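K.L.:
got a predicted structure here, sequence first:
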Amino acid sequence: MAEESILSDEFIRQLISVGEVDILIGIPTHNDAKTVGPAIQAIQAGLLKSFPRERAVIINTDGGSSDGTPDIVQGASISDVHRSYNGYTLRTLHAISTQYARTPSEAVAFRTILSAGELLRARACIVLSGDSCNIEPGWMDRLLRPVYRENFDLVTPTYSRHKFEGVLVTNLIYPMTRALYGQRLREPFAPEFACSGRFGSQFLVQHKWSHGDERDDPRMDLVISALAGGCRIHQSFLGVRQTVKPQSRDLVNAMRQTIGSLFSCLESTFPAWSKISGSESISTAGPEFEVSDDVLRVNRKQLKQMFSEGVAELRSILESILTPSTLENLRQSAESDEASFRVSAELWVKTVYEFAASYYKSVINRDHLVQALVPLYRGRMLTFLTENRTASSEEVARNIENLCLEFERLKPYLLELWNGRK
């Protein structure tokens, strides 16, 4: 049984009044009054259509909203959905909300949802972001059905993206997790996912929950736990994802949540990833990868400047992380003009693998090490944007695939670094 101190007494009383459920829908929120109402209606409609006989509960974990978000969740009426979608459920559909703090924390929100799912013995749990403004009823079936009816442990989404959207995913997170764990899971850090109650309970016990650190986000760890643990994983296409909130420009925090989590998992999962070579597709409904090639303006001059300044200013730190040849190649790139600038796929992969091995060996403070990767990533980002500026969606997909193959080809290099042979 998971530690229940994360759940307040009042929240536990609400859960007891609900009783055991088949499906739990978790919605973390923070000032999402504009979007959470339509999201609740879409969720209810999806349950009416695809799971009318199942016992279900919607649980909102709120991080201190001041705009009435929890009131909207608790006031959502299933009768409105009955009229709109002409469907009926044979069970009571509960909707409850709990406020865990005055500031949002992904870790607390997810832990609360998974703990509630374990307490209610939910067979399947789905987490949806409260700031998404285009949740569709069909998402319930696409994410939940593989878990609830087909015995998958984890279901992650695939999206339709602009070719320059999610560059951190396409140039680092996806290709590295694919090379390490041998499975082509496109969105290792997704705001939506579904998991079995069994896997959720297992993750509650295994994950090292951080108390009081608002930067901690367990989504990456959840996926890696499934990849390394031999779980049955499925991915479902959800189309375009839209949110009313502007995307965060805090690249350092994004790197901490993703690459920091990925690096920190490498030691404990070494017996799993060290034996894997190559990669294979996983069970997928819909496209694995879909991109559009609309025009997008990018400040290439600024990216080049931030990369070059980072290489120069962090030279003493990079000397303790990187091999002399890799650092020299990065320095040469930093000193090149914008027209000829390039951080090649091979140089980028070697840089990332050397950072991963140095993180494992704690050559410097680990948080500082992750921050030092940020300006180097900007150089790779600039290269990707330049190489694909006029590329079609098919060409972009092919270039990303080639980068993935480079991560796979150089995986023995990471093992040599890891074992101290370089």
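P.N.:
Nice, I can see it. On a predicted model such as this, the values are computed, not experimentally measured, just so you know. Numbering: from 1, shown residues only.
K.L.:
output the lowest mean pLDDT helix or strand found in the protein.
P.N.:
Sorting the helices and strands of the chain by mean pLDDT, DSSP states H and E puts helix 78-85 at the bottom, at a mean of 52.
K.L.:
how about the residue positioned nearest the centre of the chain, secondary structure?
P.N.:
The centroid of the chain falls nearest to Phe189 when counting by Cα atoms, centre = their mean (1.1 Å). Secondary structure assignment for Phe189 (DSSP: H, G, I helix; E, B strand; the rest coil): coil.
K.L.:
what about the stretch 151-300 of the chain, any weak spots by pLDDT?
P.N.:
Within the stretch 151-300 of the chain, the stretches with pLDDT under 70 are 211-215, 245-249, 293-297.
K.L.:
strands of that one, start to end?
P.N.:
Assigned strands in the stretch 151-300 of the chain, in chain order: 154-162, 193-196, 233-239, 283-285, 290-292 (criterion: DSSP state E, counting those that start in this stretch).
K.L.:
circling back to that earlier point, wait, what's in contact with the residue nearest to the centre of the chain?
P.N.:
Applying Cβ atoms under 8 Å, 6 or more residues apart in numbering, one finds that Phe189 lies in contact with Val169, Ile173, Arg219, Met220, Val223, Gln257, Thr258. Yep, even glycine has a C-beta here, placed from its N, CA and C like the rest.
K.L.:
before we move on, the earlier item: would CSV of the strands of the stretch 151-300 of the chain with distance to Gln183 and mean neighbour count be doable?
P.N.:
Shown next, in CSV, are the strands of the stretch 151-300 of the chain (distance: least, Cβ to Cβ, whole Å; neighbours: other Cβ atoms under 10 Å):
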stretch, distance to Gln183, mean neighbour count
strand 154-162, 11, 21
strand 193-196, 15, 26
strand 233-239, 7, 21
strand 283-285, 10, 15
strand 290-292, 19, 18
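K.L.:
quick one: neighbours of Gln14, just the number.
P.N.:
Gln14 sits with 17 neighbouring residues when counted by other Cβ atoms under 10 Å.
K.L.:
hang on, the earlier thing: if I look at the residue nearest to the centre of the chain, how far off is Gly260?
P.N.:
Distance, Phe189 to Gly260, by Cβ to Cβ, to the nearest Å: 12 Å.
K.L.:
likewise for Val73?
P.N.:
32 Å.
K.L.:
I'd guessed Ala334 sits against Gln305; true?
P.N.:
No: counting by Cβ atoms under 8 Å, Ala334 stays clear of Gln305, with 9.9 Å between them.
K.L.:
what touches both of these two?
P.N.:
With Cβ under 8 Å, 6+ apart, Ala334 and Gln305 have no common neighbours.
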